[in-house]
Structures are given as structure tokens and as C-alpha cells.
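[1] Sharing a model prediction with you, sequence too.
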Amino acid sequence: MRRSTLAICALLMVATSGCDQVDAAKAKLKLAWDKLRGRTTTQAPAPPPARPAPDTAAVRVTSQQERQQQQQAAAQHPRPPKLPQAPGGPLTHDVAYVSNDTGTVNPGMSEREIYELWGSPAAVRRVGQYTYLFFQNGCEYTCGTLDVVTLQNGHVVDAIVRWDGHRYSGESSSPPGRVPIANPGGDTLHIPPPPAPPPASP
């Protein structure tokens with residue numbers, strides 16, 4: 001008698017309720033049947049709320065804008081290229097350099113004008129609007145670099161020169177008076193300790 005009454009109540013609930021309520025009624029009916037049979041059941045956890053799908057068009061526009069900003073930042077502050085390696089591997093000592101191609105490079109000169117003065121470079125690297133021309137100088141090992149001329153949009157903006165035959169009339173970012181610090185351990189920053197203060201006078 002109890003079971004038939006329970007079934008009729010459940011059918012009435014299903015007939016009079018909406019789709020969302022059908023699932024709830026089924027769960028209640030199952031719990032009631034399990035109680036009658038002496039079973040213990042745990043109610044299944046409610047499903048997580050459905051997450052709306054992302055707007056792919058907005059995601060594409062955002063990622064394109066981020067890429068453009070990264071490209072603009074890279075164009076404004078390009079990473080200088082790595083120094084070209086010597087043909088036989090890394091240098092272990094300086095090799096004397098003698099050439100008749102000498103002269104003074106001036107700010108604003110073109111790449112062709114530099115070649116007319118100093119001849120062909122040992123290497124050329126291009127990064128965005130910048131061009132780096134590397135020339136031998138005879139102190140690649142002790143100086144830590146070849147002579148480098150930097151051009152922006154095809155015109156000289158900087159030069160680092162160490163060979164006597166290479167001169168630069170502009171203000172160099174690394175003037176000859178700056179002494180390089182040997183760094184056999186690699187690209188790590190070494191800061192020399194500050195000088196000791198003078199002894200206090202009595």
C-alpha cells in the first residue's frame with residue numbers, strides 16, 4: 001500500500017513539474033525507494049555550472065595586440081646580436097691585424113661609405129632597423145670585442161673602435177679609455193668592491 005501511494009505521488013509530481021524539477025523528483029524517489037529497501041545512498045554532487053565559451057574573436061584580437069606591442073618594444077630596444085665566433089673556435093690570444101683600410105667614420109654615414117673606408121667587415125648582423133658591422137681590430141681577445149659600427153635605418157649612430165686605424169668622430173658608447181674587465185666565467189656581472197675609505201687623521 002505504501003509503495004503504490006509513493007509511486008502515484010511521484011507520477012503526479014513528474015506530470016505537474018517542469019524539466020528541471022523532474023531530475024529532483026527522480027532523486028527524491030530514488031532516496032525514498034532506497035530507504036524502504038534499507039539501503040544507504042549518497043546523493044551525487046550537483047554538476048558544476050557550465051562556463052560560457054570564451055569569445056574567440058576577442059581572444060584573437062587581444063593576442064594580436066599583445067604581439068604587436070611586443071614587436072614594437074623589440075623594435076625600440078633591439079637585442080644586440082651575438083659576436084661572431086672565430087673560424088677555429090673561440091680565441092685564446094690576440095692575432096695581429098694589419099690593413100691599409102683606415103679612416104674616420106662619422107655619424108650619419110651610410111653602410112657603403114664605411115665599406116669604402118674600412119673594407120669588408122668580418123660579419124654583419126641585422127636586427128629590425130639596426131645593422132651591426134663587425135671589423136677586426138687585433139685585440140679581439142683582450143678587448144673582448146671586434147670593432148663594431150651600429151647603424152640605425154642605414155645611418156651610423158654609434159661605433160666601438162679599438163684598432164688605431166679605425167676612428168670614430170662621434171661620441172662612442174664605449175670610449176677607448178674604458179678598460180674591459182676579463183670575465184672567463186661567462187656572461188655574469190662582476191662589480192668591483194668599492195675603494196677602502198682613507199684612514200682618519202689623528
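    Yes, it's here. Numbers count the residues shown, from 1 in each chain.
[2] Pull out the buried residues from the helix or strand where D23 lies.
    For D23, the host element (DSSP states H and E) is helix 19-37. Buried residues in helix 19-37, counted by 16 or more other Cβ atoms under 10 Å: A25, L29, A32. Quick note: C-beta positions are derived from backbone N, CA and C, even for glycine.
[3] Then stretch 122-136?
    A122, A123, R125, Y130, T131, Y132, L133, F134, F135, Q136.
[4] ok, now stretch 153-164?
    Residues V156, D158, A159, I160, V161, R162, W163 are the ones in stretch 153-164 that count as buried (16+ other Cβ under 10 Å).
[5] go on, stretch 163-178?
    For stretch 163-178, by 16+ other Cβ under 10 Å, it's W163, G165, H166, Y168.
[6] got the CA coordinates for it in PDB?
    Output of stretch 163-178 as PDB, limited to C-alpha atoms (Å, rounded to 0.1, in the frame of the first residue of the first chain):
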ATOM      1  CA  TRP A 163      92.300  49.400 -33.600                       C
ATOM      2  CA  ASP A 164      94.400  52.500 -34.300                       C
ATOM      3  CA  GLY A 165      93.400  52.600 -37.900                       C
ATOM      4  CA  HIS A 166      89.700  52.800 -37.000                       C
ATOM      5  CA  ARG A 167      88.400  56.100 -35.700                       C
ATOM      6  CA  TYR A 168      85.000  57.400 -34.900                       C
ATOM      7  CA  SER A 169      84.300  61.200 -34.800                       C
ATOM      8  CA  GLY A 170      81.100  60.900 -32.800                       C
ATOM      9  CA  GLU A 171      80.600  60.100 -29.100                       C
ATOM     10  CA  SER A 172      81.100  56.300 -28.600                       C
ATOM     11  CA  SER A 173      79.100  54.300 -26.200                       C
ATOM     12  CA  SER A 174      82.300  52.600 -25.200                       C
ATOM     13  CA  PRO A 175      85.200  55.100 -25.500                       C
ATOM     14  CA  PRO A 176      88.800  53.700 -25.800                       C
ATOM     15  CA  GLY A 177      89.600  54.800 -22.200                       C
ATOM     16  CA  ARG A 178      87.100  52.300 -20.800                       C
END
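[7] Okay, now the unreliable bits of the protein?
    Along the chain, the model assigns pLDDT under 70 to residues 1-3, 6-7, 9-22, 39-62, 73-92, 176-195, 202.
[8] Show me the domain layout of it.
    Here the domain parsing of the chain from automatic domain parsing is 2-37, 79-181.
[9] export the ones you listed to JSON lines and tack on distance to Q71?
    As requested, the domains of the chain are arranged in JSON lines below (distance: least, Cβ to Cβ, whole Å):
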{"stretch": "domain 2-37", "distance to Q71": "51"}
{"stretch": "domain 79-181", "distance to Q71": "9"}
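[10] Looking at these, which is nearest to Q70?
    Q70 lies closest to domain 79-181 among the domains of the chain, at 12.3 Å (Cβ to Cβ).
[11] quick one on the thing from earlier: among the buried residues of stretch 122-136, which one lies nearest to S63?
    Y130 (26.6 Å).
[12] Tell me what the closest one is bridged to.
    V127, Q152 (DSSP bridges).
[13] gap between it and V124?
    11 Å (Cβ to Cβ, to the nearest Å).
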